[in-house]
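Undergrad: Predicted model, plus sequence, below.
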Amino acid sequence: MKPAPSDPPSASLLEPASADDHVCWGGGQRHPASHELWVKDLSVSYRETRALEHVNLHSRCGRSVALVGPNGAGKSTLIKTMAGIVKPDDGEILWRGRRLDGTSREIAYLPQRSEVDWLFPVTVRGLVEMGRYPVVGWWGAYRRHDKDIVDRALETMQLTDLQNRQIGALSGGQQQRTFIARALAQEAHVLILDEPFTGLDKPAQEQLCQLFGELTAEGRLLVASHHELGSVAPIFDEVLLLRRHVVAFGPVEEVFTPSNIEETFGTV
Amino acid sequence: MSDFTEFFHQPIARRALLACVMIGFGNGYVSALVVLRRSSLKMGTISHSLLPGIAVAVLFFGLTQWSVLGGAAIAALLVGLGSLFLSRTSRLDQETALGVLYTASFAAGMLILRTLGLQQKLDEWLFGSIVGMNDSDMWIAYGITFGTVLFLTTLMRPLLIFLFEPNVAQSLGVPVRLLNYGVFAVVILVLVSSLQAVGCILSVGLLTIPAATMRLLTNDARWMFWGGGLIGALGATVAFFLAYPLDWDISSTIIVVLGLFALLAYLFSPSQGLLLRWVRER
């Protein structure tokens, strides 16, 4: 899907476009290729404890990035900071050349499944509709357009038949897809996921892996923490090895090496 | 029964009925918050901490509506935040810290009120006295119920996302901080109004059972608010008409009636009642 020549990237963008243009799902608008996410020199602390130190990351739509590191390495903190939930002490996050201050509709946060109250009285459709909140707000009317987007998100994630189910009555894979559908309804370009593969059975993992491929092919950027080292290469394009600071970042085949992994997880 | 008709013709009785309906509705509506946040036990500790607040306020400012209201609210705030502070600055976890704080302050409150010679008032705050409400009590109850329902209805859309998952809510741009404080304030205000109806010991019931009953009947969080309000109002009304002829204590009757509603929902809920499950298994 390569649209005809597009508008040149605006001057505020940090790097010239190098990849092809793409069409992000949702509005069907054409975007310049330089849909880039920059994390620059990011440091975060919780009270006295430093959770992240001088983290740098740079990726763009159409890719998937794995965040890999031991427990306490700051993966969740990085995810929450990128999602605008945690405020950094230092550094900044740039999305499409603009500094992010707080949250953005274009960036969706998908929590770890174990952090969600699955007994909460909400249906699959109700959860997906939450993705429209940034558009409809407190009181805004829920228009035909919003309904269509929710329908489409449900359909894409094969949840149409399950839309009236309570979310607790879903399998792990279906629950994960419901959250992805919410991100689609939000028309997000960037999906930031906390341990999306954790706790899924083999078939559900394979399905999610395939879904990741489809989402990036459509021009989305996926950033996910991941703890199963064996499956980093088949699922992700890039990897950030994290141990409060960045041990290595780059294409999986280049930086996901035994010595880097050793340095990330080693005891020293 | 003619006794009751006579009683009902007195303005004090009609006022008590109105108070039952209103406080039942307000508390029932807000009980959805308590149930969805799974904080009914925490509510229990906070409701007990209202008593020492009232005692101290009465000690310093005398017995007025506003000193009672203000003292109760400040005490709830102090115990809520105090437990957080204690747990962060010591080895104790927050639950334990709450357990220490609320029992100690509750006991201190009882001592102060006894010393002040407010034995009868003490009973009212412990067990409620809906029949004893005067005009300004009524106005406060009106105000609290109306304000609460208005606030929560206005914010219903972001509120439900916030209750479901605060981090997701924040990432969607929901005003999480406003809701956090707003929800706390609303619950405290409603607690204070239920203090008059059922007292601080039973107030958790009024702030939990209506929405818990609705939870057994519906899978829609919105319905837990409105349905909870209706159940609260209905329960309080039924209790009002039972209590006088049977010479039962009204506050206990309200909670017993609500408890029965919950039991009925548990047994006969059309979607997940015990009876239905039993029939299905056969």
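TA: Right, received. Where do you want to start? Numbers count the residues shown, from 1 in each chain, chains lettered A, B, ... in the order given.
Undergrad: any low-confidence regions in the chain?
TA: If you meant another chain, say so; for now it's chain A. Along chain A, the parts satisfying pLDDT under 70 run over A:1-34, A:268.
Undergrad: meant chain B, my bad for not saying
TA: Ranges of chain B meeting pLDDT under 70: B:1-4.
Undergrad: if you count residues, which helix in it comes out on top?
TA: helix B:176-206 (DSSP state H).
Undergrad: Is chain B within reach of stretch A:138-154?
TA: Yes. Using CB under 8 Å from any CB of the partner chain as the criterion, contacts between stretch A:138-154 and chain B involve A:138-139. Glycine gets a C-beta too; all of them are placed from N, C-alpha and C.
Undergrad: buried ones in the longest helix of chain B?
TA: B:176, B:179, B:182-206 (16 or more other CB atoms under 10 Å in any protein chain shown).
Undergrad: Checking whichever residue of the stretch 1-150 of chain A sits closest to chain B next. Helix, strand or coil?
TA: As assessed by CB to the nearest CB, chain B sits closest to residue A:109 within the stretch 1-150 of chain A, at 3.7 Å. Residue A:109 carries the three-state label strand when classified by DSSP: H, G, I helix; E, B strand; the rest coil.
Undergrad: show me what contacts it?
TA: Residue A:109 is in contact with A:79-80, A:83-85, A:192, A:194, B:167-168, B:171, counting by CB atoms under 8 Å, 6 or more residues apart in numbering or on different chains.
Undergrad: again with residue B:228
TA: B:28-32, B:35, B:210-211, B:213-214.
Undergrad: Do any residues in stretch B:200-216 lie close to chain A?
TA: Yes. Contact check for stretch B:200-216 against chain A, using CB under 8 Å from any CB: residues in range are residue B:215.
Undergrad: pull the CA atoms of that stretch into PDB?
TA: Output of stretch B:200-216 as PDB, limited to C-alpha atoms (Å, rounded to 0.1, in the frame of the first residue of the first chain):
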ATOM      1  CA  CYS B 200     -21.600   5.200  61.700                       C
ATOM      2  CA  ILE B 201     -21.600   1.500  62.500                       C
ATOM      3  CA  LEU B 202     -24.200   0.500  59.900                       C
ATOM      4  CA  SER B 203     -23.400   3.200  57.300                       C
ATOM      5  CA  VAL B 204     -21.200   0.800  55.400                       C
ATOM      6  CA  GLY B 205     -24.300  -1.300  54.700                       C
ATOM      7  CA  LEU B 206     -26.100   1.600  53.100                       C
ATOM      8  CA  LEU B 207     -23.000   2.400  51.100                       C
ATOM      9  CA  THR B 208     -22.500  -1.200  49.900                       C
ATOM     10  CA  ILE B 209     -25.600  -3.300  49.800                       C
ATOM     11  CA  PRO B 210     -27.600  -1.400  47.100                       C
ATOM     12  CA  ALA B 211     -24.900  -1.600  44.500                       C
ATOM     13  CA  ALA B 212     -23.900  -5.100  45.500                       C
ATOM     14  CA  THR B 213     -27.500  -6.200  44.900                       C
ATOM     15  CA  MET B 214     -27.500  -4.400  41.500                       C
ATOM     16  CA  ARG B 215     -24.200  -6.100  40.700                       C
ATOM     17  CA  LEU B 216     -25.900  -9.500  41.000                       C
END
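Undergrad: Quick check: residue A:123 touching residue A:166?
TA: Yes. Using CB atoms under 8 Å, residue A:123 makes contact with residue A:166 at a distance of 6.1 Å.
Undergrad: Common neighbours of the two, please.
TA: Common neighbours of residue A:123 and residue A:166 (CB under 8 Å, 6+ apart) are residue B:219.
Undergrad: Can you tell me the SS state at residue A:58?
TA: From three-state DSSP, the assignment for residue A:58 is strand.
Undergrad: For it, which non-adjacent residue is spatially closest?
TA: residue A:38 (5.2 Å; CB to CB, 6 or more residues apart in numbering or on different chains).
Undergrad: who in the stretch 101-250 of chain B is up against chain A?
TA: Going by CB under 8 Å from any CB, the residues of the stretch 101-250 of chain B near chain A are B:154-155, B:157-158, B:160-161, B:163-165, B:167-168, B:170-174, B:215, B:218-221, B:224.
Undergrad: pretty sure residue B:121 contacts residue B:113?
TA: Yes. If you go by CB under 8 Å, residue B:121 and residue B:113 touch, sitting 6.8 Å apart.
Undergrad: Looking at the two, which is more packed in?
TA: residue B:113 (24 against 18; other CB atoms under 10 Å in any protein chain shown).
Undergrad: ok, residue B:118 - how many residues close by?
TA: 18.
Undergrad: For it, give me its contacts.
TA: B:58, B:63.
Undergrad: let's see 10 Å
TA: Residue B:118 makes contact with B:54-55, B:58-59, B:63, B:112, B:124-125, according to CB atoms under 10 Å, 6 or more residues apart in numbering or on different chains.
Undergrad: just residue B:257 next, same as before
TA: When contacts are taken as CB under 10 Å, 6+ apart, residue B:257 is in contact with B:24, B:209, B:231, B:234-243.
Undergrad: Now do the phi/psi pair for it.
TA: phi -60, psi -50 (degrees, to the nearest 10).
Undergrad: before we move on, what about residue B:40?
TA: phi -70, psi -40.
Undergrad: Can you pull the residues of the stretch 1-150 of chain A lying near chain B?
TA: Proximity of the stretch 1-150 of chain A to chain B, by CB under 10 Å from any CB of the partner chain, involves residues A:47, A:79-80, A:82-86, A:102-105, A:107-112, A:115-117, A:119-123, A:126-127, A:129-134, A:136-140, A:142.
Undergrad: Any idea how far the longest helix along chain A is from the middle of the chain?
TA: The single longest helix within chain A, with elements called by DSSP H, is helix A:202-217. Taking CA atoms, centre = their mean, to the nearest Å, one finds helix A:202-217 lying 14 Å from the centre of the chain it belongs to.
Undergrad: now the angle from the following helix or strand past that helix to helix A:202-217?
TA: Downstream of helix A:202-217, the first helix or strand assigned by DSSP states H and E is strand A:221-225. Between the axes of strand A:221-225 and helix A:202-217, defined by axes from the mean of the first three to the mean of the last three CA atoms, to 10 degrees, the angle is 140 degrees.
Undergrad: Sweet, I'm off.
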